[in-house]
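Engineer: got a structure for you, letters missing:
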């Protein structure tokens, strides 16, 4: 298994009189696009800022590409791009000047800057806007310029806090295409947003926070294959004659199976085997005397996944906080 591109261990962060993050631990796969979701005050922005070494936690460790972000912040920043929810642009600088400023601030060699400016502008669909002032751009164009400034040094990781805020549907669609392209080129993205339908278009994983804790972290069914070196996984639900709670250990012991949740008479699993392996699992289940009635694929979007996780926690039946 490849090393996590982002690893967080027992991260705790306090604001005066308020615990924003409570012993958060997680691992982000390289090449993935992780949707960071949760209600207001869940700790999403604080987590992003801690990963970016912009906040100092009370305790815990954060590593990016194996490097401790607090011991080596400058080295980590060379591997990372960060876009805050209030992205800042100099309105009186042209697109070219803004990109050049970002390139030089990230330490690119002077000789490499012109090519980086041109290629990044083209990548962001701003190749014909290089001489336009940032203040004259549409909101969608300004957002793409801000992302361009964050990625001009070709980082391995891109952190984005509410990147689609205030954009119209057309601009959000264009932004989704940008993120898909970045992920296809090997970049790992961690994206916080309240617009779950927009995140659903390009996310490979869901990381749900609630009250400063990890509610659930797993691959999304429809895009579970997208992580680098990751085997395709699909969600299956198996229904039984009676309560299925006692069956979780048995399923956990089977090949290609990750138990996702158990509720009522059903077991939901992540299954990474082929059709023959699935048939073998059904045969083994029946042979073991488990009264299986149906098996079917699970299809749900990001919003459904998140609401199901939240409902399970509120009902006192937390879902398995699996590392995807």
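Structural biologist: All right, it came through fine. Note that the structure is a prediction, hence the values are computed from the model and not measured.

Engineer: C-alpha from now on. contacts and neighbour counts both.
Structural biologist: Fine.

Engineer: where does this protein have low pLDDT?
Structural biologist: 1, 221-232, 299-301, 315-324 (pLDDT under 70).

Engineer: now with 50?
Structural biologist: 223-230, 319-324 (pLDDT under 50).

Engineer: can you pull out the strands in it?
Structural biologist: Secondary structure of the chain (DSSP state E): strands located at 6-15, 18-28, 33-37, 59-64, 67-68, 80-83, 157-161, 188-192, 205-210, 213-219, 234-240, 257-263, 266-271, 292-297.

Engineer: of all those strands, which one is nearest residue 95?
Structural biologist: strand 80-83 (16.7 Å; C-alpha to C-alpha).

Engineer: if we look at that closest one, which residues are touching it?
Structural biologist: With C-alpha atoms under 8 Å, 6 or more residues apart in numbering as the test, strand 80-83 has contacts from 52, 146-147, 150-151, 155-161, 163.

Engineer: mind doing that once more with 10 Å?
Structural biologist: Residues outside strand 80-83 that contact it (C-alpha atoms under 10 Å, 6 or more residues apart in numbering): 48-49, 51-52, 64-65, 74, 106, 143, 146-163, 187-191.

Engineer: got the domain boundaries for the chain?
Structural biologist: 6-216, 228-314 (automatic domain parsing).

Engineer: ok, the nearest residue to residue 240 once chain neighbours are set aside - contacts?
Structural biologist: What sits nearest to residue 240 in space, not counting adjacent residues and going by C-alpha to C-alpha, 6 or more residues apart in numbering, is residue 292, at 4.5 Å. With contacts defined as C-alpha under 10 Å, 6+ apart, residue 292 is in contact with 238-242, 244, 265-266, 282, 285-286.

Engineer: which PyMOL command selects the buried ones in the residues you listed?
Structural biologist: In PyMOL syntax, the buried subset of these is picked out as below (16 or more other C-alpha atoms under 10 Å):
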select buried, resi 238+239+240+244+265+266+282+285
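
Engineer: centroid-nearest residue for the chain?
Structural biologist: In the chain, the residue lying closest to the centroid (C-alpha atoms, centre = their mean) is residue 34, at 1.1 Å.

Engineer: partner residues bridging it?
Structural biologist: residue 190, residue 205 (DSSP bridges).

Engineer: how far does stretch 245-265 stretch from start to finish?
Structural biologist: Using C-alpha to C-alpha, to the nearest Å, the end-to-end distance of stretch 245-265 comes out at 8 Å.

Engineer: again with stretch 201-217
Structural biologist: 18 Å.

Engineer: list the buried residues in it.
Structural biologist: Quick answer for stretch 201-217 (16+ other C-alpha under 10 Å): 201-217.

Engineer: isn't residue 293 up against residue 240?
Structural biologist: Yes: Residue 293 is in contact with residue 240 according to C-alpha atoms under 10 Å; the separation is 5.2 Å.

Engineer: the longest helix belonging to the chain vs strand 188-192, what angle?
Structural biologist: Counting by DSSP state H, the longest helix found in the chain is helix 169-184. Using axes from the mean of the first three to the mean of the last three C-alpha atoms, to 10 degrees, the direction of helix 169-184 lies 150 degrees away from that of strand 188-192.

Engineer: stretch 92-110: which residues count as buried?
Structural biologist: Per 16+ other C-alpha under 10 Å, stretch 92-110 contains these buried residues: 93-100, 102-103, 106, 108.
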